[in-house]
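A.B. asks: Need a 3D model of the sequence below.
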Amino acid sequence: MNCHVRVKTQSPSLEKVRDSYATGQPIAWVKVHRLPDYVYFNHQVHVTSGVSCVSCHGRVDQMIEVKTG
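C.D. replies: So this is what the prediction gives:
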């Protein structure tokens, strides 16, 4: 949970995240945006806060092909 343990701890929009963390069950995300391949999400806030890629994306260093969805 990293920063979400301290930030917006009672936010209704993070209820799924809290439940997933408590139960160990993954969140069934629904894709709401179709973005072109050139669109990039800036991970800088997470990286500088010490949140590793593994915590959200799994062991990308062991994936033969990294892809979304």
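
A.B. asks: what is the rounded mean pLDDT of the helix ranked longest in the chain?
C.D. replies: Assignment by DSSP state H gives helix 15-23 as the longest helix of the chain. In this model, helix 15-23 has a mean pLDDT of 89.

A.B. asks: then that helix to PDB, C-alphas only?
C.D. replies: Written as PDB, here are the backbone C-alpha positions of helix 15-23 (Å, rounded to 0.1, in the frame of the first residue of the first chain):
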ATOM      1  CA  GLU A  15     -11.800   1.300  -1.200                       C
ATOM      2  CA  LYS A  16     -11.000  -1.300  -3.900                       C
ATOM      3  CA  VAL A  17      -7.300  -0.900  -3.300                       C
ATOM      4  CA  ARG A  18      -7.700  -1.200   0.500                       C
ATOM      5  CA  ASP A  19      -9.900  -4.300   0.100                       C
ATOM      6  CA  SER A  20      -7.400  -5.900  -2.400                       C
ATOM      7  CA  TYR A  21      -4.600  -5.300   0.000                       C
ATOM      8  CA  ALA A  22      -6.500  -6.700   3.000                       C
ATOM      9  CA  THR A  23      -7.700  -9.800   1.200                       C
END
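
A.B. asks: Tell me the span between the first and last residue of stretch 36-48.
C.D. replies: Stretch 36-48 has its terminal residues 26 Å apart, counting by Cα to Cα, to the nearest Å.

A.B. asks: hang on, I meant stretch 5-25
C.D. replies: Stretch 5-25 has an end-to-end distance of 18 Å (Cα to Cα).

A.B. asks: if we can go back for a sec, tell me the helix or strand right after the longest helix of the chain.
C.D. replies: As assigned by DSSP states H and E, the chain's next helix or strand after helix 15-23 is helix 44-48.

A.B. asks: and the most centrally placed residue in the chain, what does it touch?
C.D. replies: For the chain, Cys56 is the residue whose C-alpha lies nearest the centre (Cα atoms, centre = their mean; 4.0 Å). Cys56 sits next to His46 when contact means Cβ atoms under 8 Å, 6 or more residues apart in numbering. Glycine gets a C-beta too; all of them are placed from N, C-alpha and C.
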